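S.K.: Give me a model of this one.
(2 chains)
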Amino acid sequence: MDYELIEDITHADVAVRVRGASYSELFVKSGRALMSEMVENPGDISPLVIKEGVLSGDNIELLFFEFLNEILFFKDAESLLLLPDNISVTDNESVYKCSFRLAGEKIIREKHIFRVDVKAVTMHGLRIYKENDLFVAETVFDV
Amino acid sequence: MKSNLIRKIDDYIYEIPSDAKKGMNVPARIYASESLVNDMDEAVFTQITNVATLPGIIGEAACMPDGHSGYGFPIGGVAAIDPDNGIISPGGIGFDINCGVRLLSTNLTYDEVHPRMKEIVDAFFRGIPSGVGSDGIISLSSGKFDDAMMGGVEWGVKNGFGDKNDIECCEENGKIAGADPECVSKKARERGAHQVGSLGSGNHYLEIQVARKGNIFDRDTAKLFGIEGDNSIAIMIHTGSRGFGHQVATDYLHSFSPLQTKFGYIPPDRELACAPFHSDEGQRYFKAMNCAINIAFLNRQLIKSRVSEILHDIFGKKNGLRVETVYDVCHNTAKLEKHKVNGKLKELLIHRKGATRAFPPGSQDIPEKYRSAGQPVLIGGSMESGSYIMCGTESAEKTFFTTVHGSGRVMSRHQAKSRFNGRELQKSMESRGIYIRTASYSGLAEEAGGAYKDVDEVVASAEKCGLGRVVAKLTPLGNIKG
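M.R.: Residues are numbered from 1 along each chain as shown, chains lettered A, B, ... in the order given. Sure, this is the predicted structure:
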């Protein structure tokens, strides 16, 4: 598991901590963490459908929130289970831009083993900070 | 006491004073027995004192006996806000707007359903969409979805999914005023239009329950609420506004967050981002949230309609099978209600997150047939322990007529998953007479009875706090979980 569960933040929901060498890696790992909380076998999600987009803003945490909620949007709107495929997060004079390419497939009940449905990525305790040479993101998923 | 900031007011009220944390406008009060307070995780106290900092909060930030930590507000958190100078906060409502409970009474008895429990549960599991990404009973075109956002249960009844009693027996008659689809994003529509009439996942469920002998504590009120006697069968539905409500909350939380400096309030938790109630931003969220409230009412209405069809298919030979809505309560809302403040009636915006409105006898806001008893309050316990029906009482005025909504978790989801095994739990429950079908065994383990507080103690505590009166306990026989 490429993320930690944080136990003392919430009983009702799921709090996670993710580390990455760059913002891009942090977003990739967090997207995978999100899907891993929903699906027991995320490795079995075949990359048959591609969704691409660009998000931007002046706050990295809000961008992170928006990015992860994109994955949840496609899960409900198009019944798609998507994993980060190619993510590029850039910082140009404090304007952050996230170009994302997500890959996955339609939900197949016989194939995908579900844990719980994450309703939303919350802002409770949401923070991104640097620890030693790594970026760290902490967030709570509403279950 | 767990936190040295908490002081005992009496055996069932504990207070964290308003000088305990910078920015608190009012004290925080926890309504619970000492043992329940001691079982609460520390984050509950952090979260309820954060609530006390909200602009415009009146009286106190209240936490119900089933309180446990969530995000923004604790689950069981209540805040009465003066709309003239206060705010509205998506974090005080939750992403699952109008997550709530509908109870159906039937004239079926234990002896009739027990031998056919597997057949009934299997039919519910096949017929009622549940689990991650499940589509609903209906898929709505854009124009119809707008009508449904404004019409709620009334829309369902007009389109053949229910009857007049369903409208009468919901909070707000299943259709809250002030819903405006213009304030709902395209994404929320795309996310929710095809999920109406589905249970979802997590702690959502549909449960077949029985009022066992000895568990009806007030027979007259129970009868008024459709529980005719010992061994009566009831059906409890717990679900909300699905992806539609989740997206409405996400959209507005995202838009409110950068505006906190402009609004002059920097919340101690970003999830409490808010807007002045009468600002354009606050009003747009309020109108969109009301759309989600109505969609959640409709969601439970469609499931009720399907339950009725399935039971009629199975018990078609029984003359006069009755499947009726007892009541439908909301857990996650912000509603404008009139309450007494310093002896005068004043309109307040009551945020309830994981808490139930409990209006007293005589209230004009509850169905006429229930006014002698008070509002039916439906408390969904864990799938192993049972649920309760209470009724509203005058003594709940102190919490703006609010009470518990469930058992309340005592274990995190991860702890529960480490402790319980879903498949073993299913077998164990079956050996104890509870037949369960689930879309997720991992999810089942997270919802084990042992992960929750003792519902008997929670409800007894609520009654001793004056937050309602116990009418009956309902015991689970069969359950479907998402």
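
S.K.: And the residue in the stretch 1-150 of chain B that chain A sits nearest to, how close does it get to residue A:8?
M.R.: As assessed by Cβ to the nearest Cβ, chain A sits closest to residue B:71 within the stretch 1-150 of chain B, at 3.2 Å. Glycine gets a C-beta too; all of them are placed from N, C-alpha and C. Here the criterion is Cβ to Cβ, to the nearest Å. By it, residue B:71 lies 14 Å from residue A:8.

S.K.: Also residue A:52?
M.R.: Plainly put, residue A:52 is 37 Å away from residue A:8 if you go by Cβ to Cβ.

S.K.: now swap in residue B:316 and tell me
M.R.: Residue B:316 sits 53 Å away from residue A:8, going by Cβ to Cβ.

S.K.: try residue B:39
M.R.: According to Cβ to Cβ, residue B:39 stands 15 Å off from residue A:8.

S.K.: more crowded one of those two?
M.R.: residue B:39 (19 against 11; other Cβ atoms under 10 Å in any protein chain shown).

S.K.: thought the more buried one was touching residue B:407?
M.R.: No - here residue B:39 lies out of contact with residue B:407, judged by Cβ atoms under 8 Å, at a distance of 11.1 Å.

S.K.: and for these two, which residues touch both?
M.R.: Counting by Cβ atoms under 8 Å, 6 or more residues apart in numbering or on different chains, the contacts common to residue B:39 and residue B:407 are residue B:453.

S.K.: Bridged to residue B:478, which residues?
M.R.: Under DSSP bridges, the beta-bridge partners of residue B:478 are residue B:208, residue B:435.

S.K.: Equivalent analysis for residue A:56, please.
M.R.: Beta-bridge partners of residue A:56, counted by DSSP bridges, are residue A:97.

S.K.: So which residue is smack in the middle of chain A?
M.R.: The centroid of chain A falls nearest to residue A:31 when counting by Cα atoms, centre = their mean (2.4 Å).

S.K.: ok, that one - contacts?
M.R.: Applying Cβ under 8 Å, 6+ apart, the residues contacting residue A:31 are A:67, A:68, A:71, A:83, A:84, A:87, A:102.

S.K.: Just the buried subset of these, please.
M.R.: A:67, A:68, A:71, A:83, A:84, A:87, A:102 (16 or more other Cβ atoms under 10 Å in any protein chain shown).

S.K.: With distance to chain B and pLDDT as extra columns, can I get those residues in TSV?
M.R.: Listed next are the buried ones among the contacts of residue A:31 as TSV, based on distance: Cβ to the nearest Cβ, whole Å; pLDDT from 0 to 100:
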residue	distance to chain B	pLDDT
A:67	11	98
A:68	10	98
A:71	12	98
A:83	15	98
A:84	19	98
A:87	19	97
A:102	15	98
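
S.K.: how about those residues in CSV, adding secondary structure?
M.R.: Formatted as CSV, these follow (DSSP: H, G, I helix; E, B strand; the rest coil):
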residue, secondary structure
A:67, helix
A:68, helix
A:71, helix
A:83, strand
A:84, strand
A:87, strand
A:102, strand
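
S.K.: Contact partners for residue A:139?
M.R.: So residue A:139 contacts A:15, A:16, A:30, A:64, A:65, A:68, A:121, A:122, A:124, A:125, A:126 (Cβ under 8 Å, 6+ apart).

S.K.: Just these: which are in helices?
M.R.: Counting by DSSP state H, the contacts of residue A:139 place A:30, A:64, A:65, A:68 in helices.

S.K.: Out of these, name the two that are farthest from one another.
M.R.: With Cβ to Cβ as the measure, no two of those lie farther apart than A:30 and A:65, at 10.4 Å.

S.K.: Among those two, which residue is more densely surrounded?
M.R.: Per other Cβ under 10 Å, whichever of residue A:30 and residue A:65 has more neighbours is residue A:30, with 28 against 22.

S.K.: Not counting sequence-adjacent ones, nearest residue to the more buried one?
M.R.: Excluding its sequence neighbours, the residue lying closest to residue A:30 (Cβ to Cβ, 6 or more residues apart in numbering or on different chains) is residue A:18, at 4.7 Å.

S.K.: right, and that neighbour touches residue A:2 too?
M.R.: Yes - counting by Cβ under 8 Å, residue A:18 touches residue A:2, with 7.4 Å between them.

S.K.: Common neighbours of those two, please.
M.R.: Jointly contacting residue A:18 and residue A:2 under the rule Cβ under 8 Å, 6+ apart are A:29, A:33.

S.K.: Mind checking which of those two has more residues around it?
M.R.: The residue with more neighbours, out of residue A:18 and residue A:2, is residue A:18; 25 against 12, by other Cβ under 10 Å.

S.K.: Which strand or helix spans the more buried one?
M.R.: Here residue A:18 sits within strand A:14-20, counting by DSSP states H and E.

S.K.: What strands line up against that strand, and which way round?
M.R.: Strand A:14-20 is paired, per DSSP bridges, with strand A:4-6 (antiparallel), strand A:134-142 (antiparallel).

S.K.: and residue 7, what is it in contact with?
M.R.: In the absence of a named chain, chain A is used. Counting by Cβ under 8 Å, 6+ apart, residue A:7 touches A:15, B:412, B:414, B:415.

S.K.: My question was about chain B, not that one.
M.R.: Going by Cβ under 8 Å, 6+ apart, the list of residues near residue B:7 reads B:14, B:15, B:16, B:17.

S.K.: could you redo the last one with a cut-off of 10 Å?
M.R.: B:1, B:13, B:14, B:15, B:16, B:17, B:20, B:27 (Cβ atoms under 10 Å, 6 or more residues apart in numbering or on different chains).

S.K.: Same question for residue B:194.
M.R.: Under the criterion of Cβ under 10 Å, 6+ apart, the contact list for residue B:194 reads A:76-79, B:134-136, B:138-140, B:145, B:242-244.

S.K.: quick one: it and residue B:138, what's the gap?
M.R.: Residue B:194 is 8 Å from residue B:138, by Cβ to Cβ.

S.K.: If we ignore the residues flanking it in sequence, what's nearest residue B:266?
M.R.: Closest to residue B:266 by Cβ to Cβ, 6+ apart is residue B:260, at 5.4 Å.

S.K.: The helix or strand containing the one you found: what's the following helix or strand?
M.R.: Assigned by DSSP H and E, residue B:260 falls within helix B:260-263. With elements assigned by DSSP H and E, the helix or strand that comes after helix B:260-263 is strand B:275-276.

S.K.: mean confidence for that following strand?
M.R.: Strand B:275-276 carries an average pLDDT of 98.

S.K.: Lovely, talk soon.
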